[in-house]
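Asker: Below are the sequence and a predicted model for it; my questions follow.
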Amino acid sequence: MRTGSLSILGAAVWDGERFEERDLHIVDGRVADRPAGGATTVDGHGQWLIPGLIDAHFHAYATSQDGLEDERGPLSFAAINGTRRLGAALARGFTTVRDVAGGDIGLARAIDADLFDSPRYLFTGPALSQTGGHGDPRSAHIDICFTHGHMCEIVDGVEPLRLAVRNRLRTGAHAIKVMTSGGVFSLTDPIRVPQYSEEELRAVVAEATRQQSYVAAHAYSAEAVRHSIDNGVRSIEHGNLIDSPTAQRMAEAGAFLVPTLAAYDAMDRRGAGIGLNAVSLAKNAEVLSHGQEAVRLALAAGVPVGFGTDLMGELEDDQLCGVRLQVEAAGAAETLRSMTTVNAALIRDERTGHLGLGAYGDAVLLTADPLAEPSALWEQDARALVVRAGRAVG
């Protein structure tokens, strides 16, 4: 990975709670206490510097709004298109992404080899789904075989699931993704019904935990969230339909919530126009109105709330809209923490999410104070500079 040395002078630097004016030095890609000789210098006076942002629910291979196309279309197309999606995310200030349903070691190796500009990239490989679950793209009247694709794999039973987890971790997966409730994009699974048996979930969690990884679960309803965390899941993706008692149980279990507000808003505004099916549009209407309230419930209970976007196909350019929606729910400072320190804790990487000594040299220089003018967090024009590993990008 290419690294650089850069000094940003006089900017107001975010420390996780407040801004403090100081110089920031990055030497060979890491934050240092003094500048490197011959380093590039940027005048940051009158600007605000935040850590590089983390999108903890990204899909590099989500090329369309059609589930079968995403799963069984040419992998070469999905990968090349994924490089474009990743580059666009980096330009928006997301210097790390966690791909929860898709990605593979080949894409990760291309990033490590600097074949294209990309955020730091963590992937789960295809998400695990039960037959007829959220990861099963078949409609009820279609009689075709489907076992796996680029984003999801159907795996039923304790021993097959154990083997699937081992294969993912063998090939570089950061974490394991499971589908534990119905979803918007799939066609035959009610939103609220929990998926996978207790025995199946426990096998997945036990295997991941033994190998020092963790499990993230797609789950919307209170029932599905409780089913997930009671069986050891660490990260709840979406969680739109939780209630206060469920949020309290999440806090007690130490589980994270990763809301994905951008996806529902984008599908509501743009889905019909780009051909999203009627079943998915109806499901989206059910979860859309509850997403921001779920964030508030989780924060009130003490749940660590991260940030994700979950955008498919053409909707990817709404990534920064998700920032605005989360600011509306939680405020600018809390959302900034969600995209930095909370997501860093979620992915268990103490080198990211902050600008202290030893941190990755990933940062975004803003033209306005995001606490006073929150739109600086979601307006592309407010990004004066994006830095990844000490190198300016874009």
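Answerer: That came in fine, so what should we check first?
Asker: Now do the SS call for the spatially closest residue to Asp317 that is not a sequence neighbour.
Answerer: Excluding the flanking residues, the one nearest Asp317 by Cβ to Cβ, 6 or more residues apart in numbering is Ala88, at 7.3 Å. Every residue, glycine included, has its C-beta placed from N, CA and C. For Ala88, the assignment made with DSSP: H, G, I helix; E, B strand; the rest coil gives helix.
Asker: Got the confidence number for Ala88?
Answerer: On the pLDDT scale, Ala88 is placed at 98.
Asker: Show the contacting residues for it.
Answerer: For Ala88, the contact set (Cβ atoms under 8 Å, 6 or more residues apart in numbering) comprises 316-317, 319.
Asker: Relative to Ala298, which of those is nearest.
Answerer: Gln319 (21.3 Å; Cβ to Cβ).
Asker: State the distance from the closest one to Ala101.
Answerer: When Cβ to Cβ, to the nearest Å is applied, the distance between Gln319 and Ala101 equals 16 Å.
Asker: Let me know the pLDDT of Met1.
Answerer: Per the predicted model, pLDDT is 80 at Met1.
Asker: Likewise for Gly361?
Answerer: In this model, Gly361 carries a pLDDT of 98.
Asker: From Arg34, how far off is it?
Answerer: For Gly361 relative to Arg34 (Cβ to Cβ), the value is 14 Å.
Asker: Identify the contacts common to those two.
Answerer: Contacts common to Gly361 and Arg34, judged by Cβ under 8 Å, 6+ apart, are Val27.
Asker: Comparing the two, which residue is more hemmed in?
Answerer: Using other Cβ atoms under 10 Å as the criterion, Gly361 and Arg34 rank with Gly361 on top: 27 against 10.
Asker: Would you mind measuring from the residue lying closest to Asp189 once chain neighbours are set aside to Val233?
Answerer: Leaving aside its chain neighbours, Asp189 sits nearest to Gly182 (3.6 Å; criterion: Cβ to Cβ, 6+ apart). Distance of Gly182 to Val233, given as Cβ to Cβ: 16 Å.
Asker: quick one: which of those two has more around it?
Answerer: Per other Cβ under 10 Å, whichever of Gly182 and Val233 has more neighbours is Val233, with 27 against 24.
Asker: can you give me phi and psi for the residue nearest to that one when sequence neighbours are not counted?
Answerer: Using Cβ to Cβ, 6+ apart and skipping the chain neighbours, the partner closest in space to Val233 is Ala217 (4.4 Å). Main-chain torsions, Ala217, degrees, to the nearest 10: phi -120, psi 130.
Asker: returning to that earlier point: Gln319 and Ala101: which is more packed in?
Answerer: Ala101 (31 against 26).
Asker: pLDDT wise, what is Ala251 at?
Answerer: On the pLDDT scale, Ala251 gets 98.
Asker: That one sits in which helix or strand?
Answerer: Secondary-structure assignment from DSSP states H and E places Ala251 in helix 244-253.
Asker: does Leu311 really touch Ala263, like I thought?
Answerer: Yes - counting by Cβ atoms under 8 Å, Leu311 does reach Ala263; the two are 5.8 Å apart.
Asker: Show me the shaky parts of the stretch 51-200 of the chain.
Answerer: Within the stretch 51-200 of the chain, the segments meeting pLDDT under 70 span 137-138, 143-144, 185-188.
Asker: how about the helices in it?
Answerer: 67-72, 75-91, 105-112, 158-170, 198-210 (DSSP state H, counting those that start in this stretch).
Asker: so which of those helices gets nearest Ile142?
Answerer: Of all those, helix 67-72 comes closest under Cβ to Cβ, at 8.9 Å.
Asker: what's the offset of that closest one from the middle of its chain?
Answerer: Offset of helix 67-72 from its chain centre (Cα atoms, centre = their mean, to the nearest Å): 20 Å.
Asker: same check, this time on stretch 84-98
Answerer: Per Cα atoms, centre = their mean, the centroid offset for stretch 84-98 relative to its chain is 11 Å.
Asker: Could you list the buried residues of that stretch?
Answerer: 85-86, 89-90, 92-98 (16 or more other Cβ atoms under 10 Å).
Asker: For that stretch, measure first residue to last.
Answerer: The first residue of stretch 84-98 is 16 Å away from its last residue (Cα to Cα, to the nearest Å).
Asker: Name every strand pairing with the helix or strand containing Gly239 and say which way it goes.
Answerer: Gly239 is part of strand 235-241 when elements are defined by DSSP H and E. Strand 235-241 has these partner strands in its sheet, going by DSSP bridges: strand 215-221 (parallel), strand 256-258 (parallel).
Asker: I'd like to know how far Gly4 sits from Ala389.
Answerer: From Gly4 to Ala389 the distance is 7 Å (Cβ to Cβ).
Asker: Between the two, which contacts overlap?
Answerer: Counting by Cβ under 8 Å, 6+ apart, the contacts common to Gly4 and Ala389 are 29, 361.
Asker: hang on, the earlier thing: what do Leu311 and Ala263 both touch?
Answerer: Between them, Leu311 and Ala263 share these contacting residues under Cβ under 8 Å, 6+ apart: Gly322.
Asker: Which of those two has more residues huddled nearby?
Answerer: Set side by side, Leu311 and Ala263 show more neighbours around Ala263, with 28 against 25, by other Cβ under 10 Å.
Asker: helix/strand/coil for the nearest residue to the more buried one once chain neighbours are set aside?
Answerer: Nearest non-adjacent residue to Ala263, counting by Cβ to Cβ, 6+ apart: Asp310, 4.2 Å away. With three-state DSSP as the basis, the three-state label of Asp310 is coil.
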